[in-house]
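In: Sequence first, then the predicted structure, then my questions.
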There are 2 protein chains.
Amino acid sequence: MELDEKPAASATEQRRDYHHGDLRRALLKAADAELTDKGVEGFSLRGVAKRADVSHAAPAHHFGNTEGLLTALAAEGFRRFIAKQEEREADAQNDPVSRHVASGLGYVDFALSNPALFNLMFTSERTDRDEDELCNAAAAAFDKLVSQTKDIVGRDPREDISAMTDVVAAWAMVHGLASLMNSGRIAVLQDMPIDQRDRVLADIISRSIADRATDAI
Amino acid sequence: MELDEKPAASATEQRRDYHHGDLRRALLKAADAELTDKGVEGFSLRGVAKRADVSHAAPAHHFGNTEGLLTALAAEGFRRFIAKQEEREADAQNDPVSRHVASGLGYVDFALSNPALFNLMFTSERTDRDEDELCNAAAAAFDKLVSQTKDIVGRDPREDISAMTDVVAAWAMVHGLASLMNSGRIAVLQDMPIDQRDRVLADIISRSIADRATDAI
DNA sequence: GCTCCCATCTTTTCAATGTCAAGATAAAAG
DNA sequence: CTTTTATCTTGACATTGAAAAGATGGGAGC
């Protein structure tokens, strides 16, 4: 399949011999590609092994089993997920609502550019949600939402049930948009130029929470 | 597993011999049970065959392959999905907003009482979305939402882009709630008594669209 | 009533997959 | 230099989806 079967450990590349050097990372990269190509339900450990050009049992050695590998992948997904939101926030105006809307656009961005990973993170059952790394990464994403909401409504959702309701509303709206668009169910938005689409999305996202800001006064 | 291995074709039951009578329906029922037990990603054709007490290749004969069976199951799911919403609407006050909120509560109800089926219908890739029966059933659910929105905002979303935006907002909100609750991600709502939970959900659902009603005046 | 056709269901077979156990290899420790 | 240990491979087995060929019996036509 490859042209040069043995690149003989080029200076920059990891050695390709028996001991790989950083196979764990290479496997994660291969798993990401496999997931993107085949989707959660078509994902296979042996497919990952082929992509990384190692034996079929190598992935299981590093991650225990399929669930272990997918769990690690999902955790990395949540970190990229947060990064994508922050990326959008950086371009936004510096008020709480604008930041939240930008963050939501990042949420949707991530879903659309990583459809399979998004499904793995939020709806797949092939993941161990109690695993520490995944737990922490997912919690970090949630905490981000909570503190953004706090900045908008002026009360801490962790102490105020009404503010927590705002968190749920904001999350549900953005997540619903991302999910439905991800599965290609909103034709109107798909057929729009991106900047127009983002304006519509921003309008919708703000409905869930923007008017709650007045409550804080 | 079963007590009586051969009920010998009781009068009301289908015959259990070579020619089953209505194996297709029996397989769908078995598939529903398999899906509920194992989830989309643990679903197996052979598991369905065992439940229906037929040979392992019987399901494929009736539905072509796994995708075919899951597609038929998803179509039936959408019909039950609509029924659940209508069930809730029947108990609601007879104004457009109340009907929509009730419908949304039915949406969430369905997701929570059929978690695996809900995932199959909305996010699984093991389904043929171009298949006629599934297409029609899913379209019927969408049409329901569209006409409900029309009743609220007073304009036809199929002709008015702003009204279609309202459709998207309403759908995203409800779908987000259902998805997130379905995957156990909203602890606050999980730990609530159901009637209180429904009040919170109703509040959130109405945020997406209720205030648009004034636009229609 | 009889024969033949054919839809229905079973049996057989094969490739792909996840996982486990045992072996091989090389890096590191002593 | 020897021993230990982590890393990776090989081989094996059960499960699964799917295809192909065979068995069964209902029903059409006569």
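Out: Happy to help now that I have it.

In: can we go C-alpha only for contacts and neighbour counts from here?
Out: Fine.

In: count of residues packed around the residue lying closest to residue A:129 once chain neighbours are set aside?
Out: Of all residues not flanking residue A:129 in the chain, residue A:135 sits nearest, at 6.3 Å (Cα to Cα, 6 or more residues apart in numbering or on different chains). Applying other Cα atoms under 10 Å in any protein chain shown, we find 16 residues neighbouring residue A:135.

In: Next: residue A:87.
Out: A count of nearby residues for residue A:87, using other Cα under 10 Å, gives 14.

In: Distance-wise, check it relative to residue A:121.
Out: 20 Å (Cα to Cα, to the nearest Å).

In: Quick one: residues in contact with stretch A:105-114.
Out: Stretch A:105-114 has contacts (Cα atoms under 8 Å, 6 or more residues apart in numbering or on different chains) with A:36, A:81, A:84-89, A:117-118, A:174-175, A:177-179, A:181-182, A:198, A:201-202.

In: Show me which residues of chain A are close to DNA strand C?
Out: Proximity of chain A to DNA strand C, by Cα under 7 Å from any atom of the strand, involves residues A:17-19, A:43-47, A:56-57, A:60, A:64-67.

In: Name the spans of chain A whose pLDDT lies under the cut-off.
Out: Along chain A, the model assigns pLDDT under 70 to residues A:1-19, A:213-217.

In: buried ones in the lengthiest helix in chain A?
Out: Secondary structure of chain A read by DSSP state H shows that its longest helix is helix A:66-90. Residues of helix A:66-90 classed as buried: A:66-79, A:81-86, A:88-89 (neighbour count, 16 or more other Cα atoms under 10 Å in any protein chain shown).

In: list the helices and strands that helix packs on?
Out: Packing partners of helix A:66-90 (3 or more Cα pairs under 8 Å, 6 or more residues apart in numbering or on different chains; DSSP states H and E): helix A:23-38, helix A:58-63, helix A:96-113, helix A:115-122, helix A:132-153.

In: what are the C-alpha coordinates of the first one, in PDB please?
Out: Read it as helix A:23-38. Output of helix A:23-38 as PDB, limited to C-alpha atoms (Å, rounded to 0.1, in the frame of the first residue of the first chain):
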ATOM      1  CA  LEU A  23       2.700   4.400  19.200                       C
ATOM      2  CA  ARG A  24       0.000   5.500  21.600                       C
ATOM      3  CA  ARG A  25      -0.200   9.000  20.000                       C
ATOM      4  CA  ALA A  26       0.100   7.500  16.500                       C
ATOM      5  CA  LEU A  27      -2.800   5.200  17.300                       C
ATOM      6  CA  LEU A  28      -4.900   8.000  18.500                       C
ATOM      7  CA  LYS A  29      -4.200   9.900  15.300                       C
ATOM      8  CA  ALA A  30      -5.100   6.800  13.300                       C
ATOM      9  CA  ALA A  31      -8.200   6.300  15.300                       C
ATOM     10  CA  ASP A  32      -9.300   9.800  14.600                       C
ATOM     11  CA  ALA A  33      -8.900   9.100  10.900                       C
ATOM     12  CA  GLU A  34     -10.800   5.800  11.200                       C
ATOM     13  CA  LEU A  35     -13.600   7.500  13.000                       C
ATOM     14  CA  THR A  36     -13.800  10.300  10.500                       C
ATOM     15  CA  ASP A  37     -13.900   7.800   7.600                       C
ATOM     16  CA  LYS A  38     -16.100   5.100   9.000                       C
END
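
In: Lovely, talk soon.
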